[in-house]
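Undergrad: Sharing a model prediction with you, sequence too.
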Amino acid sequence: MRLNRLFSSLRTRILGWYILLVAASMLVSIVGIRQTLLARLYERIEQSLEQEVLELRQLKTGLNPRTSEPFGNDIDALFRVFLSRNIPADNEFLLTFLDGEFDRSSPRAVPKVLDLSSPLAQEFAEIATPRRRWVTLPDGEIIIYQAEPIFREGSRGVFVVAHLLSAELRGIDEAIAIVIQVMLTVLGLTAVVAWFVAQRALEPLNLLTQAAKTVSESDLTQRIPVHGVDEISELTLRFNEMLDRLQLAFAAQRDFVSDAGHELRTPITIIRGHLELLSDDPTEQRETIDLVTDELDRMSRFVDDLLLLAKAEQPNFLRMEMVDVAALAEALFAKAKALGDRQWRLENRARGWIVGDRQRLTQAVMNLAQNATQHTQLSDTITLGTALDRDKVRFWVRDTGKGIPQAEQARIFERFARSNTSRRRSEGAGLGLAIVRAIAQAHGGTVELVSQPDQGATFTLVIPVDPP
């Protein structure tokens with residue numbers, strides 16, 4: 001089991017791919033080196049052959065150094081002078097033939113494949129046209145030769161420069177074998193180094209694995225130190241950020257369950273207590289039924305608000321359409337005046353069109369108006385207004401109530417949050433402003449709050465004219 005985990009681990013796979021790529025690169029390099037050496041060998045040999053023939057042609061048109069006269073028809077003298085002046089390269093042999101018979105060679109000792117009795121030497125003696133050929137003999141010997149026939153009155157000579165490749169090819173193969181040995185040694189050493197480097201590079205992943213094993217609903221405090229700026233460091237950073245979000249989400253979930261349980265437990269307790277004490281008196285029964293109905297209505301509104309907040313996270317929460325801002329403001333003002341006996345005002349009615357969900361925007365502004373009604377008195381003023389500024393539209397609700405302390409403004413939009421300065425308990429469960437924020441965010445907008453104690457509060461719904 002442990003062996004299987006070792007071979008299936010990321011570290012082993014990385015090392016395997018590394019060795020495979022390096023081995024493939026080495027193989028390509030070896031083939032490339034060998035082909036380069038062969039190409040240079042062939043080029044050097046062909047240049048040497050061409051050079052020998054060219055020097056013979058130049059000598060043929062010159063003077064005999066012994067007589068200071070042209071060679072004329074004396075082909076033998078031409079061959080004798082040429083061979084005495086030119087020293088062949090390694091594995092190179094200069095051969096001359098006169099009238100179909102062997103004349104002389106340089107060096108004098110020639111390999112068996114080129115001696116006078118060999119078929120190749122007999123072929124050389126009969127050559128009548130210039131040629132360059134490659135010959136592979138039955139024993140594997142490879143010879144490249146260039147022949148230059150010379151014709152004079154009543155006489156024919158053949159000059160042949162031949163090069164044996166086998167020895168030089170063996171030298172190249174031996175050099176390649178040494179290169180292979182060196183590369184295999186380097187591959188082994190780099191594989192060992194890569195194994196430890198991979199372990200060090202993957203250490204943050206091991207820490208991530210250990211952290212993931214220790215993370216649970218009751219312990220989300222585990223964090224991993226971030227070192228460097230590479231991809232694994234970026235992954236570690238994102239993992240820590242994910243844990244932060246999970247920690248906040250679980251904390252919010254616990255608070256939600258606690259607050260929701262508290263909000264539901266209170267009306268249930270009230271209902272149970274009155275039903276248990278219900279008598280046969282019709283008047284008392286009627287009062288009990290009214291009280292129970294009121295508590296059930298409050299529970300129903302609470303459940304509806306929770307369902308609305310859950311739907312706000314779904315893509316089909318909004319039904320977008322073209323909305324006339326001025327007409328919407330008039331409708332909002334007409335509905336808001338029915339919420340309570342206050343000094344209602346409508347100001348700065350903007351004119352224009354936006355893309356939005358008319359019903360959700362109405363719901364958000366009505367929640368703000370209801371919130372203002374619950375936190376003001378009969379003599380207070382509540383003002384509704386709209387403004388259109390380039391790519392944004394603003395809906396605001398301003399009141400002259402007690403205002404909201406600065407310390408509470410950061411949490412006032414959270415679920416189940418209520419202001420401690422309220423003169424009486426709100427009829428809701430503290431979800432109204434959370435719904436307003438959810439509707440604004442669904443439109444790609446925000447909710448702004450400006451308030452000072454004893455100076456009222458202004459809630460502004462900021463919505464893009466054309467939400468994303």
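TA: Sure, I can see it. Residues are numbered from 1 along each chain as shown.
Undergrad: what packs against the helix or strand containing residue 365?
TA: Using DSSP states H and E, residue 365 falls within helix 358-374. In terms of contacts (3 or more CB pairs under 8 Å, 6 or more residues apart in numbering; DSSP states H and E), helix 358-374 is packed against strand 321-324, helix 325-336, strand 381-389, strand 392-399, helix 432-442, strand 457-464. Any C-beta I mention is one placed from the backbone N, CA and C, and that applies to glycine too.
Undergrad: at 6 Å instead, please
TA: Counting contacts by 3 or more CB pairs under 6 Å, 6 or more residues apart in numbering; DSSP states H and E, helix 358-374 is packed against strand 392-399, helix 432-442.
Undergrad: could you give the mean pLDDT of the longest helix along the chain?
TA: Determined from DSSP state H, the single longest helix within the chain is helix 10-60. Helix 10-60 shows a mean pLDDT of 88.
Undergrad: Over to stretch 332-344?
TA: If you average the per-residue pLDDT over stretch 332-344, you get 89.
Undergrad: buried residues in that stretch?
TA: Of the residues in stretch 332-344, 332, 333, 336, 339, 340, 342, 344 count as buried by neighbour count, 16 or more other CB atoms under 10 Å.
Undergrad: Serialize the residues you listed to JSON lines and add fields for distance to residue 135.
TA: Putting these into JSON lines (distance: CB to CB, whole Å) gives the following:
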{"residue": "332", "distance to residue 135": "104"}
{"residue": "333", "distance to residue 135": "108"}
{"residue": "336", "distance to residue 135": "108"}
{"residue": "339", "distance to residue 135": "111"}
{"residue": "340", "distance to residue 135": "115"}
{"residue": "342", "distance to residue 135": "115"}
{"residue": "344", "distance to residue 135": "113"}
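Undergrad: which among the residues you listed gets closest to residue 369?
TA: Residue 369 lies nearest to residue 336 out of these, by CB to CB, at 4.1 Å.
Undergrad: got the contact list for stretch 75-89?
TA: 48, 56, 59, 64, 71, 94, 96, 98, 103, 106, 150, 152, 155, 157 (CB atoms under 6 Å, 6 or more residues apart in numbering).
Undergrad: Toward the C-terminus, what is the element adjacent to the strand or helix carrying residue 244?
TA: Residue 244 is part of helix 231-276, with elements assigned from DSSP H and E. Next along the chain after helix 231-276, taking DSSP H and E as the criterion, comes helix 282-311.
Undergrad: Residue 177 and residue 340, how far apart?
TA: Separation of residue 177 from residue 340 (CB to CB, to the nearest Å) stands at 99 Å.
Undergrad: quick revisit: tell me the buried residues in the helix holding residue 365?
TA: Of the residues in helix 358-374, those scored as buried under the neighbour-count criterion (16+ other CB under 10 Å) are 358, 360-374.
Undergrad: quick one, it and helix 282-311 angle?
TA: Our comparison of helix 358-374 with helix 282-311, counting by axes from the mean of the first three to the mean of the last three CA atoms, to 10 degrees, yields an angle of 130 degrees.
Undergrad: Just give me the residue closest to the centre of the protein.
TA: The central residue of the chain, meaning the one whose C-alpha is nearest the mean C-alpha position (CA atoms, centre = their mean), is residue 231 at 9.3 Å.
Undergrad: Helix, strand or coil: sort out the nearest residue to residue 341 once chain neighbours are set aside for me.
TA: Leaving aside its sequence neighbours, residue 341 sits nearest to residue 378 (CB to CB, 6 or more residues apart in numbering; 5.7 Å). With DSSP: H, G, I helix; E, B strand; the rest coil as the basis, the three-state label of residue 378 is coil.
Undergrad: Ends of stretch 334-347, what's the gap?
TA: End-to-end distance for stretch 334-347, by CA to CA, to the nearest Å: 13 Å.
Undergrad: Quick check: the gap between the residue nearest to the centre of the chain and residue 202.
TA: Distance, residue 231 to residue 202, using CB to CB: 12 Å.
Undergrad: list the contacts for the most far-flung residue of the chain relative to its centre?
TA: In terms of distance from the mean C-alpha position of the chain, residue 67 ranks first, at 84.2 Å (CA atoms, centre = their mean). Contact partners of residue 67, counting by CB under 6 Å, 6+ apart, are absent.
Undergrad: Make sure it is indeed in a helix.
TA: No. The secondary structure assignment for residue 67 gives coil rather than a helix, going by three-state DSSP.
Undergrad: For it, give its distance to residue 401.
TA: 134 Å.
Undergrad: likewise residue 381?
TA: Plainly put, residue 381 is 9 Å away from residue 401 if you go by CB to CB.
Undergrad: Neighbour count for those two, which is higher?
TA: Relative neighbour count places residue 401 above the other of residue 381 and residue 401, with 26 against 15, counting by other CB atoms under 10 Å.
Undergrad: In space, what's closest to the more buried one - neighbours in sequence excluded?
TA: Computed as CB to CB, 6+ apart, the closest residue to residue 401 that is not its neighbour in sequence is residue 376, at 4.0 Å.
Undergrad: what about the one you found, how many residues close to it?
TA: As a burial measure, the neighbour count of residue 376 was computed by other CB under 10 Å and equals 21.
Undergrad: and it, what pLDDT?
TA: What the model reports as pLDDT for residue 376 is 89.
Undergrad: got it, and residue 212?
TA: In this model, residue 212 is scored at 70, pLDDT.
Undergrad: ok so it is a helix residue?
TA: Yes. Counting by three-state DSSP, residue 212 is located in a helix.
Undergrad: I'd like the distance between residue 177 and residue 184.
TA: 11 Å.
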